[in-house]
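Trainee: Take a look and give me a structure for this.
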Amino acid sequence: MGGAQREGMDKIRAVIAALVTVATSAALLGAAPLGVPAADPAPGAAAGRTTAAGTVRAPWPGGTVRTVGKLVGTYADGQLLTCSGAVVDAPNGSVVVTAAHCVHNPGEPRWKQAWFVPGYHRHGTANAARVGWRVTAAHLESAWKQGRLPQALPYDYAFLEVERKDGRTIQETVGANRLDFAPVDPGRRTVALGYPAAEPYDGETLGHCEGTPALLTERDTQQPNVGGLLLESCDLTQGSSGGPWLQDYDAASQSGTVVAVMSVGDDRGRVLGRPFPAEARRLLQAAGGTPAR
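Mentor: Below is the predicted model of the structure:
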């Protein structure tokens, strides 16, 4: 990780640390640098584990989910970062949802180019431009783009438009998830999916946590995280940011309902999913209302 990126992550850790009252040393989960050395899973990491909190942690048993994938961005200074995302239903068939900080942090430049690779599995991140779908536009809330951390955290979601390939949209090719807006039912079983790239993972395989999330209220946390969904005992690391939190997953279509995207986490296995407020409808309509060219 380069010096500039280390400083950025240190700054993020500093402003996030006090947000979730049950958390310490929290950080955004998205800025995973390419070039993270491949690492063998820690002993026992390949086997599913059930914790006292009821959260299941394991590699995704099906290997991949074709509507979920890896986002790879390249910056003007040569840095390459990875996140996660999911295809969502839209009229133009060309929309991927992810976290806003997977595009850029408030007040900072966005990546120069990006590609989304659905069903990613050991493709090699360097091959994203060859096998992925090029991102043609990114839609973020102005409160995120012009805001500051931590106040901007309620807007940590983004909708990306991607190219057509061989005349077909990404939705025609792999299918799509539904997207639900807040309020969502936190009492339903939810699966968080993403491509963790920091140890003990290498970003090459799909990971997941599954459980019943808690809805954070003013009694649980400070204002920027009120309304977020909290899963405990989840060991997804950097690179999983932007990954979908799915309810009603259907194995046949490999899709479900996206109720949030992975936003922040801490070093004690607690992660926060960011639901979509009503105003996010406007962003989704802007991204998906007209066919991509």
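Trainee: any idea how far the closest residue to Val95 other than its chain neighbours is from Val88?
Mentor: Spatial nearest neighbour of Val95, chain neighbours left out: Gly288 (4.4 Å); criterion: CB to CB, 6 or more residues apart in numbering. Where you see a C-beta, it was placed from the backbone N, CA and C, and this is true even at glycine. Counting by CB to CB, to the nearest Å, the separation of Gly288 from Val88 is 8 Å.
Trainee: Identify the contacts common to those two.
Mentor: 95, 159 (CB atoms under 8 Å, 6 or more residues apart in numbering).
Trainee: Does Thr217 touch Gly228 like I think?
Mentor: No - using CB atoms under 8 Å, Thr217 is not in contact with Gly228, being 9.9 Å away.
Trainee: More neighbours: the two, which one.
Mentor: Neighbours were tallied for Thr217 and for Gly228 using other CB atoms under 10 Å; the higher tally belongs to Gly228 (27 against 11).
Trainee: That one contacts Leu216, doesn't it?
Mentor: Yes - in this structure, Gly228 is within contact of Leu216 by CB under 8 Å, at 4.8 Å.
Trainee: which residues are in contact with both of those two?
Mentor: With CB under 8 Å, 6+ apart, Gly228 and Leu216 have common neighbours Leu272.
Trainee: what residue ranges in the stretch 151-293 of the chain score low on pLDDT?
Mentor: The stretch 151-293 of the chain contains residues with pLDDT under 70 at 290-293.
Trainee: Which parts of it are helices?
Mentor: 170-174, 280-288 (DSSP state H, counting those that start in this stretch).
Trainee: Of all these, which one comes closest to His104?
Mentor: Nearest to His104, of all those, is helix 280-288, at 15.4 Å by CB to CB.
Trainee: Can you verify Arg148 is assigned to a helix?
Mentor: No - under DSSP: H, G, I helix; E, B strand; the rest coil, Arg148 falls outside any helix and is assigned coil.
Trainee: So the closest residue to it other than its chain neighbours, which state does it fall into?
Mentor: With sequence-adjacent residues excluded and distances taken as CB to CB, 6+ apart, Arg148 is closest to Pro106, at 5.5 Å. Under three-state DSSP, Pro106 falls in the coil class.
Trainee: Is it correct that Pro106 is in contact with Ser142?
Mentor: No - in this structure Pro106 lies outside contact range of Ser142 using CB under 8 Å: 10.5 Å.
Trainee: These two: which is more packed in?
Mentor: When neighbours are counted by other CB under 10 Å, Pro106 and Ser142 differ, and Pro106 comes out ahead with 20 against 8.
Trainee: Contact partners for that one?
Mentor: Contacts of Pro106 by CB under 8 Å, 6+ apart are 144-149, 152.
Trainee: Please export the C-alpha coordinates of stretch 206-219 as PDB.
Mentor: C-alpha atoms of stretch 206-219 as PDB (Å, rounded to 0.1, in the frame of the first residue of the first chain):
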ATOM      1  CA  LEU A 206     -16.300 -14.600  -3.200                       C
ATOM      2  CA  GLY A 207     -16.800 -14.500   0.600                       C
ATOM      3  CA  HIS A 208     -19.900 -14.100   2.600                       C
ATOM      4  CA  CYS A 209     -21.400 -13.500   6.000                       C
ATOM      5  CA  GLU A 210     -25.000 -14.500   6.800                       C
ATOM      6  CA  GLY A 211     -27.200 -13.600   9.800                       C
ATOM      7  CA  THR A 212     -30.000 -11.400  11.100                       C
ATOM      8  CA  PRO A 213     -28.700  -7.800  11.200                       C
ATOM      9  CA  ALA A 214     -29.500  -5.200  13.800                       C
ATOM     10  CA  LEU A 215     -31.000  -1.900  12.800                       C
ATOM     11  CA  LEU A 216     -28.800   0.900  14.400                       C
ATOM     12  CA  THR A 217     -30.700   3.600  16.300                       C
ATOM     13  CA  GLU A 218     -29.700   6.700  18.100                       C
ATOM     14  CA  ARG A 219     -29.300   4.700  21.300                       C
END
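Trainee: That's all I had, so thanks and see you.
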